[in-house]
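J.: fold the following and give me the result.
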Amino acid sequence: LEFRRVLFRSVMVKFEKLTAPSTGTAIRFENGEPVVADHPIIPFIRGDGTGVDIWPATQKVLDAAVAKAYGGTKSIEWFKVYAGDEACDLYGTYQYLPEDTLDAIRTYGVAIKGPLTTPVGGGIRSLNVALRQIFDLYCCVRPCRYYAGTPSPHKRPQDLDVIVYRENTEDIYMGIEWEADDAVGQELRQYLNDVVIPANGKLGKRQIPEGSGIGIKPVSKHGSQRHIRKAIQHALRLEGNKRHVTLVHKGNIMKFTEGAFRDWGYELATSEFRDVCITERESWILGNLEKDTNLSVQANARMIEPGYDSLTPEKKADIDAEVQAVIDAIGSSHGQGKWKAMVLVDDRIADSIFQQIQTRPQEYSILATLNLNGDYISDAAAAMVGGLGMAPGANIGEKAAIFEATHGTAPKHAGLDRINPGSVILSGVMMLEFLGWQQAADLITKGLSAAIANREVTYDLARLMEPQVDPVSCSGFADAVIRHFDN
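T.: Numbers count the residues shown, from 1 in each chain. Model (predicted):
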């Protein structure tokens, strides 16, 4: 019945300026997972600037991979929709995100897009952020892995293979802020200074200075845990030491937002995922006991807690109780090495993770972060493996998913057929994997890897290779990827 409803809605939806494909089926979602027919209708946003070059190259690769993998039994019915500057050309000035486009994504469930222009400053919010908030796409997923032959400033970029899970809908990116001269903002500042800060009792004589812009950083338990849940579920699909989720936070300073994100993550791991998760401290406790089955609780506590001997008796007792509680609760279910096959959940301070993904990248797998930290970390990780031109991205919620370029529009290169389409092509790979079309996704990954290894790359990578090579065009790179499907 629900399937028929989706079919009916896809036929009956009214668009102002768009005509939907006459064939194909909408993708529907059940319990957050897509239900995909053999010929899904997928809206695409070409994108601004170099989107005019990147999208045709990407579509060509995706169609070729699907055709080769499934011999015509599966295909994508593409549906062109509009956002950014291209939308303004069709719908009118300032119509950056027309209702037609939103209706199409609501109806068909999964979309893919190129880069979009958003003015810096002023009243126009990021189109990317708007799409994430409108469709509650709370997980931004950014894989960062190295393809052999890609120029990199890092000595061993092949050691980095991480997936950044960035929370998309909360944190300061909610945009709840006031300019320094906004009357409502100043009224809020006065109220905070006169009432809220003194009532706290722990903030002393702190005051927000006059002339301050003010922003609010909401972080909720619900938002944090649904995001971390997706990260843990992803880790469960991996193997070996890649079954590892690191909660990245700045909880040492922002204790009730970033620190709460960490705490709620551990709570989720040790309740809902208790049978398949182990925390880092728990792994130390069980690992120590496996090495010495006669190890006392106090000796174990001394091994997991630096400075144990200098603690007060009360704090020592707390650590001892923690060790005993872990042994009692999960010693039989997780002990004797069984925990090594489970998802390891640990946490790291945000600034330290920037260092560790460079000095010890092989130790990490999935980095679960809040919004701002994830923005920084995903770009930094992408730089290690070849830059944003090789960095795909996906925004995933319970009822929709949008796959996207992670770089800007680079308008000075638009129409020159020279920009690297790798980011959107790899975002297409993520989309195919999300649809369950792994065979087509693997073909593209193989073709792209072989093209780069064969030094058939666009100018951004060609100029960094030693010795330098003559670059291929944007469309030429797409052709190279397809040609290498058979390698």
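J.: residue ranges of the helices in the stretch 201-350 of the chain, please?
T.: For the stretch 201-350 of the chain, the helices defined by DSSP state H, counting those that start in this stretch occupy 221-236, 258-269, 280-291, 297-304, 313-334, 350-359.
J.: relative to helix 313-334, how tilted is the fourth one?
T.: Taking axes from the mean of the first three to the mean of the last three Cα atoms, to 10 degrees, one finds that helix 297-304 is oriented at 90 degrees with respect to helix 313-334.
J.: what are the buried residues along helix 297-304?
T.: Within helix 297-304, the residues scored as buried using 16 or more other Cβ atoms under 10 Å are 297, 300-304. From N, CA and C alone the C-beta is placed, and that goes for glycine too.
J.: how far does that helix sit from its chain's centre?
T.: Put simply, helix 297-304 sits 37 Å off its chain's centre (Cα atoms, centre = their mean, to the nearest Å).
J.: packing partners for that helix?
T.: helix 280-291, helix 313-334 (3 or more Cβ pairs under 8 Å, 6 or more residues apart in numbering; DSSP states H and E).
J.: returning to what we had before: tabulate the helices of the stretch 201-350 of the chain (CSV), appending distance to residue 167.
T.: Listed next are the helices of the stretch 201-350 of the chain as CSV, based on distance: least, Cβ to Cβ, whole Å:
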stretch, distance to residue 167
helix 221-236, 4
helix 258-269, 8
helix 280-291, 21
helix 297-304, 29
helix 313-334, 28
helix 350-359, 13
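J.: closest one to residue 43 among those?
T.: Residue 43 lies closest, by Cβ to Cβ, to one member of those: helix 221-236, at 22.8 Å.
J.: now name the helix or strand holding residue 80.
T.: Residue 80 belongs to strand 77-81 when assigned by DSSP states H and E.
J.: likewise for residue 402?
T.: strand 401-405.
J.: try residue 103
T.: helix 99-108.
J.: for that helix, give the mean pLDDT please.
T.: Helix 99-108 shows a mean pLDDT of 97.
J.: is the closest residue to residue 94 other than its chain neighbours in a helix, a strand, or coil?
T.: Nearest in space to residue 94, with sequence neighbours left out and distances taken as Cβ to Cβ, 6 or more residues apart in numbering, is residue 88 at 6.7 Å. Taken by DSSP: H, G, I helix; E, B strand; the rest coil, the conformation at residue 88 corresponds to helix.
J.: okay, residue 88: pLDDT?
T.: 91.
J.: do residue 430 as well
T.: For residue 430, the predicted pLDDT is 96.
J.: make 3 the first number, not 1, from now on.
T.: Got it, the first residue is 3 from now on, which makes the last one we talked about residue 432.
J.: for the closest residue to it other than its chain neighbours, what are its contacts?
T.: Excluding the flanking residues, the one nearest residue 432 by Cβ to Cβ, 6+ apart is residue 396, at 4.8 Å. Counting by Cβ atoms under 8 Å, 6 or more residues apart in numbering, residue 396 touches 141-144, 403-406, 429, 432-433, 436.
J.: at 7 Å what do you get?
T.: 143, 403, 405, 429, 432, 436 (Cβ atoms under 7 Å, 6 or more residues apart in numbering).
J.: from those residues, which is closest to residue 341?
T.: Distances from residue 341 to the contacts of residue 396, taken by Cβ to Cβ, are shortest for residue 143, at 26.2 Å.
J.: so that closest one touches residue 167, yeah?
T.: Yes. Taking contacts as Cβ atoms under 7 Å, residue 143 lies within contact range of residue 167: 6.0 Å.
J.: helix or strand: which one has the most centrally placed residue in the chain?
T.: Closest to where the C-alpha atoms of the chain average out (Cα atoms, centre = their mean) is residue 143, at 2.0 Å. Per DSSP H and E, residue 143 falls inside strand 141-147.
J.: tell me the angle of that strand relative to helix 223-238?
T.: Going by the same axes, to 10 degrees, strand 141-147 makes 30 degrees with helix 223-238.
J.: what angle do strand 141-147 and helix 352-361 make?
T.: Using the same axes, to 10 degrees: strand 141-147 against helix 352-361 is 30 degrees.
J.: for strand 141-147, the distance to its chain's centre please.
T.: On Cα atoms, centre = their mean, the centre of strand 141-147 falls 4 Å from that of its chain.
J.: for it, name the packing helices and strands.
T.: Packed against strand 141-147, as judged by 3 or more Cβ pairs under 7 Å, 6 or more residues apart in numbering; DSSP states H and E, are the following elements: strand 163-169, helix 373-386, strand 394-398.
J.: can you show me the helices along the stretch 53-202 of the chain?
T.: Taking DSSP H, counting those that start in this stretch, the helices of the stretch 53-202 of the chain run over residues 53-72, 87-93, 101-110, 129-136, 185-193, 199-202.
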